[in-house]
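Asks: my questions concern the predicted model and sequence given below.
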Amino acid sequence: MATAAIITAAFIREAEVQCSALGANSLKTVVITHPLSTLTEAEIQTRAEEAAPQILAILAHT
């Protein structure tokens, strides 16, 4: 089953460290622009549109 973690660009290094520590080095990441928590619904929609091609690429390669 295809699996990915969606993260903001500010947390790329932290995601790499956690994946390594948990033995999940093959986990794919979908990286979107930071921040996320303070956005309007319209801005969140933009982030979803940013993530969509990355998610589709991960699904296509499984």
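Replies: Nice, I can see it.

Asks: quick one: secondary structure of the nearest residue to residue 8 once chain neighbours are set aside?
Replies: Excluding the flanking residues, the one nearest residue 8 by Cβ to Cβ, 6 or more residues apart in numbering is residue 34, at 3.7 Å. Glycine gets a C-beta too; all of them are placed from N, C-alpha and C. Assigned with DSSP: H, G, I helix; E, B strand; the rest coil, residue 34 falls in the coil class.

Asks: mind listing what residue 34 touches?
Replies: 8, 9, 10, 11 (Cβ atoms under 8 Å, 6 or more residues apart in numbering).

Asks: what about the last one, neighbour count?
Replies: A total of 15 residues lie near residue 11 under the criterion other Cβ atoms under 10 Å.

Asks: also the third one?
Replies: Taking other Cβ under 10 Å as the criterion, the count of residues near residue 10 is 12.

Asks: give me the distance between it and residue 51.
Replies: In this view, residue 10 and residue 51 are 15 Å apart by Cβ to Cβ, to the nearest Å.

Asks: repeat for residue 34
Replies: 13 Å.

Asks: grab the nearest non-local neighbour of residue 27.
Replies: Per Cβ to Cβ, 6+ apart, closest to residue 27 is residue 19, 5.2 Å.

Asks: which secondary structure element contains that neighbour?
Replies: For residue 19, the host element (DSSP states H and E) is helix 12-21.

Asks: and that helix, what does it pack against?
Replies: When contacts are defined as 3 or more Cβ pairs under 8 Å, 6 or more residues apart in numbering; DSSP states H and E, helix 12-21 packs onto strand 28-32.

Asks: partner strands of the strand it packs on, parallel or antiparallel?
Replies: With DSSP bridges as the test, strand 28-32 is paired with strand 4-8 (parallel).

Asks: list the buried residues in the strand it pairs with.
Replies: For strand 4-8, the neighbour count (16 or more other Cβ atoms under 10 Å) marks residue 7 as buried.

Asks: repeat that for stretch 11-23.
Replies: For stretch 11-23, by 16+ other Cβ under 10 Å, it's 15, 19.

Asks: got the CA coordinates for it in CSV?
Replies: Taking Å, rounded to 0.1, in the frame of the first residue of the first chain, the C-alpha atoms of stretch 11-23 are listed here in CSV:
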residue,chain,number,x,y,z
PHE,A,11,10.3,20.0,8.9
ILE,A,12,12.3,18.1,6.2
ARG,A,13,15.3,17.4,8.4
GLU,A,14,13.1,16.4,11.3
ALA,A,15,11.2,14.0,9.1
GLU,A,16,14.4,12.4,7.8
VAL,A,17,15.7,11.9,11.4
GLN,A,18,12.4,10.3,12.5
CYS,A,19,12.3,8.0,9.5
SER,A,20,15.8,6.9,10.2
ALA,A,21,15.2,6.4,13.9
LEU,A,22,12.0,4.4,13.2
GLY,A,23,13.5,2.3,10.4
